[in-house]
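kindly generate the corresponding structure for this input.
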Amino acid sequence: MTAPVVVAPDAELGDACTIGAFCVLGVEPAELDPLVVGPGATIRSHTVIYRGTVIGSRFHAGHGALVREHTSIGDDVSVGSHTIVEHHVHLGDGVRLHGGCFVPEHSVLEAGAWLGPGVLVTNARYPNRPDTKDRLEGVHVGEAAAVGAGAVLLPGVRIGAGALVGAGAVVVRDVAPGATIVGNPGRVTR
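All right, here's what the predicted structure looks like:
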């Protein structure tokens, strides 16, 4: 017996999509546009993807991934197991998010950007204040930039194209294209 999968009646799933057990696809909030998933997707068990999200071709979601509404995802994107992608996020073509990443609202990852396991992206410079939601600052990760395992990106930083952020680094300011940074706070090594 196959485990249940909940798919909204108006969700658009492309040809040759493989959907694992216990997934919830395109169900809430009801007032948003349908979920659209391009052809050739593999969505593994216990993944939840909200309505109002548009996903390109050959998408891969690990087990227990969560993708919120108003997210745009390009072709050939992989979202690892237990990764959370909040609403109003853009993931360009070929983006790779390893397992356990957190990507909050208003973040942009350009084509080929890569986040290692457990990367935490933040967007609230002053959390838990009455005006926090009005002051969110998304992070921008440039084309083909790579962020190592366990790194933390603080609100509003820009990681330049082709930059490398070392594992465990805490990025507190912008990183120039092609630069390599390590440490806490992150410092340029080349």
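
let me know whether my guess that residue 134 is in a strand holds.
No - looking at residue 134 with DSSP: H, G, I helix; E, B strand; the rest coil, it is helix, so not inside a strand.

now it: how far from residue 125?
Distance, residue 134 to residue 125, by CB to CB, to the nearest Å: 12 Å. Just so you know, the C-beta spots here come from the backbone N, C-alpha and C atoms, and that holds for glycine as well.

now do residue 163
Taking CB to CB as the measure, residue 163 falls 22 Å from residue 125.

between the two, who's got more neighbours?
residue 163 (25 against 13; other CB atoms under 10 Å).

hmm, that one is touching residue 171, no?
No - judged on CB atoms under 8 Å, residue 163 makes no contact with residue 171 at a distance of 9.6 Å.

tell me, what's touching the two both at once?
residue 181 (CB atoms under 8 Å, 6 or more residues apart in numbering).

what number of residues lie near the nearest residue to residue 136 once chain neighbours are set aside?
Distances taken as CB to CB, 6 or more residues apart in numbering put residue 123 closest to residue 136, at 4.7 Å, once the chain neighbours are dropped. Per other CB under 10 Å, the neighbour tally for residue 123 reads 21.

just to check, residue 123 is in contact with residue 102?
No - between residue 123 and residue 102 there is no contact under CB under 8 Å: 10.2 Å.

the residue minimising distance to the centre of the chain bridge partners, please.
Centroid-nearest residue in the chain, with CA atoms, centre = their mean: residue 85, separated by 4.2 Å. Beta-bridge pairing for residue 85 (DSSP bridges): residue 67, residue 103.

that one touches residue 108, doesn't it?
No - counting by CB under 8 Å, residue 85 does not reach residue 108; the two are 11.9 Å apart.

what distance do you get for residue 86 to residue 13?
For residue 86, the distance to residue 13 (CB to CB) stands at 23 Å.
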